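> The sequence and its predicted three-dimensional model are supplied below.
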Amino acid sequence: MSLQGVSGSGFEWVISPIDAFGDLIAWQQDGCYQALLAIAYYYESAIENWMKSNGPWVDRTGNARQSLYAIVDELVAEIVITFGHGVTYGKYLEFKNFGRYAVVAPAIDYFLPRIWADIQSVVAP
């Protein structure tokens, strides 16, 4: 697209506004995705360390505490942080005794508002 010859302005588009807008949107989406991914990776180790420090049970073998994890997964259109136990009896720690020994659910309660605030600062500054 060119404005050359319009009232003798000498102005000419190097890239049409339509093409430039599409490139800008793609660049912005990629930057937003990268920022959200950085947030997820930042919290990955913080969540895991918090769970290991705040597991409310008394260790007998240390296996349950050592197996706690938080992992970031990059899916096609999503970034997911998975929290969990790496031992088969982790579900009993979470759900038996009215959640007295739960650590995953309290970690979600603790980190979700912080993660959401960081996401909002990227998406809607």
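Nice, thanks for sending it over. Residues are numbered from 1 along each chain as shown.

> Okay, now the unreliable bits of this protein?
Applying pLDDT under 70 to the chain flags residues 1-9, 24, 27, 125.

> where along this protein do the strands fall?
69-74, 79-84 (DSSP state E).

> contacting residues around the last one?
Residues from elsewhere that reach strand 79-84 (CB atoms under 8 Å, 6 or more residues apart in numbering): 33, 36-37, 40, 43-44, 47, 51, 68-73, 90, 104, 107-108, 115. Placement of C-beta: from N, CA and C, glycine included.

> Please indicate which of those are buried?
36, 40, 43-44, 47, 51, 68-70, 72, 90, 104, 107, 115 (16 or more other CB atoms under 10 Å).

> before we move on, the earlier item: dump the strands of the chain to CSV, plus distance to Arg60.
Listed next are the strands of the chain as CSV, based on distance: least, CB to CB, whole Å:
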stretch, distance to Arg60
strand 69-74, 20
strand 79-84, 20
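
> For the residue lying closest to Ile115 once chain neighbours are set aside, list the residues it contacts.
In this structure, Ile115 finds its nearest non-sequential neighbour in Tyr43, 5.7 Å apart by CB to CB, 6 or more residues apart in numbering. With contact taken as CB under 8 Å, 6+ apart, Tyr43 is in contact with Ala70, Ile81, Phe111, Arg114, Ile115.

> Please identify which pair of the residues you listed lies farthest apart.
Greatest spacing in the contacts of Tyr43, by CB to CB: Ala70 and Arg114 (13.3 Å).

> Let me know the angle separating the helix ranked longest in the chain from strand 79-84.
Longest helix of the chain, by residue count under DSSP state H: helix 17-54. Going by axes from the mean of the first three to the mean of the last three CA atoms, to 10 degrees, helix 17-54 is angled at 10 degrees with respect to strand 79-84.
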